[in-house]
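[1] coords please:
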Amino acid sequence: MTQNNPRLWQLAEIISELETVIAAICEDETLTDLKREAQLEKAFTQWLEAGDSFKYKAERVAAYIHHQETLAEARKAEAKRIRTLAEQTENQVNRLRRYLTNEMLRTGQTRIDGVTVKVGLRRKPTRVMLNVPPEELPPEYVLVEYTPKLTKIKELLKSDDRKAIDWAFLSESHEYSLIIRTHKQQ
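    Have a look, this model is predicted:
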C-alpha cells in the first residue's frame, strides 16, 4: 500500500523549518507590512530552492495547505453548530422573557425583589411606524446607497475598442488561484 497523502506529523517535520522562519518574520515588529510580505516571499522561495527538490517541497506544502483547509472547514462546521445552539438558547430566553413580562403585567407586579435576582418592568421607548413604503418618503428622510454593477461595467469596458470610457478600467494584474486535489488512498 502506497501512501500518497502524508500524515500530519510527517508534514510537520517537513514544514517546521519554514514555519520557524515565517514566525520570526511575522513577529518582527520593526518591519512594515510591505517589507514583511517581501521577506516572507523571499524566505519561502529560498526554502523551496534549498535541499530537497522543489517538486517534493511544493507537494508537501500543498498537502499541508489541504490539511489546513480541511481543518478550517471542520472548525466552520463546529462554529455553525455552536451558533445554532446559541440561537436556540436565545430564542428560549426571549420566550421566557416575554412570558414573564406578560405574567407580571397580568398580575400587576412591576417589581420583584428576590433573594438572588431583582426583576422590574420598564416601558420601552416608542418606535417609528411608517404609513407608506420607504420609496414614498420625502428625500431628506431617506438614506440612499450606490452600488456599482461591476459585471455590467466589465462587459462595457471589454467592448470599448476606442477607450472612450475614462471613469473605469480593467486591472492589468494577473492573479492566480491555487487548486489542490488530493489523491485517494488505496
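[2] select the longest helix from this structure.
    helix 54-107 (DSSP state H).
[3] how distant is stretch 172-179 from the center of its chain?
    Mean C-alpha position of stretch 172-179 versus that of the full chain (CA atoms, centre = their mean, to the nearest Å) differs by 20 Å.
[4] all numbers from here: first residue = 32
    Okay, using 32 as the starting number, the last item reads as stretch 203-210.
[5] what about it, start to end distance?
    End-to-end distance for stretch 203-210: 22 Å, by CA to CA, to the nearest Å.
[6] about what we covered before: give me the helices and strands touching the longest helix of the chain, please.
    In terms of contacts (3 or more CB pairs under 8 Å, 6 or more residues apart in numbering; DSSP states H and E), helix 85-138 is packed against helix 39-58, helix 64-80. Just so you know, the C-beta spots here come from the backbone N, C-alpha and C atoms, and that holds for glycine as well.
[7] residues of stretch 88-103 that come out buried?
    For stretch 88-103, a neighbour-count test (16 or more other CB atoms under 10 Å) marks 88, 91-92, 94-95, 98 as buried.
[8] what residue is smack in the middle of the chain?
    Nearest to the geometric centre of the chain sits residue 107, at 9.8 Å (CA atoms, centre = their mean).
[9] dump the buried residues of stretch 88-103 to JSON lines, plus distance to residue 59 and pLDDT.
    Rendered in JSON lines, the data for the buried residues of stretch 88-103 read as follows (distance: CB to CB, whole Å; pLDDT from 0 to 100):
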{"residue": "88", "distance to residue 59": "24", "pLDDT": "73"}
{"residue": "91", "distance to residue 59": "25", "pLDDT": "75"}
{"residue": "92", "distance to residue 59": "22", "pLDDT": "78"}
{"residue": "94", "distance to residue 59": "28", "pLDDT": "80"}
{"residue": "95", "distance to residue 59": "23", "pLDDT": "78"}
{"residue": "98", "distance to residue 59": "27", "pLDDT": "82"}
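[10] returning to that earlier point: what's the first helix or strand after the longest helix of the chain?
    With elements assigned by DSSP states H and E, the helix or strand that comes after helix 85-138 is strand 142-144.
[11] now do the buried residues in whichever helix or strand comes after that following strand.
    Past strand 142-144, heading to the C-terminal end, the next element that is a helix or strand (DSSP H and E) is strand 149-151. With burial defined by 16+ other CB under 10 Å, not one residue of strand 149-151 is counted as buried.
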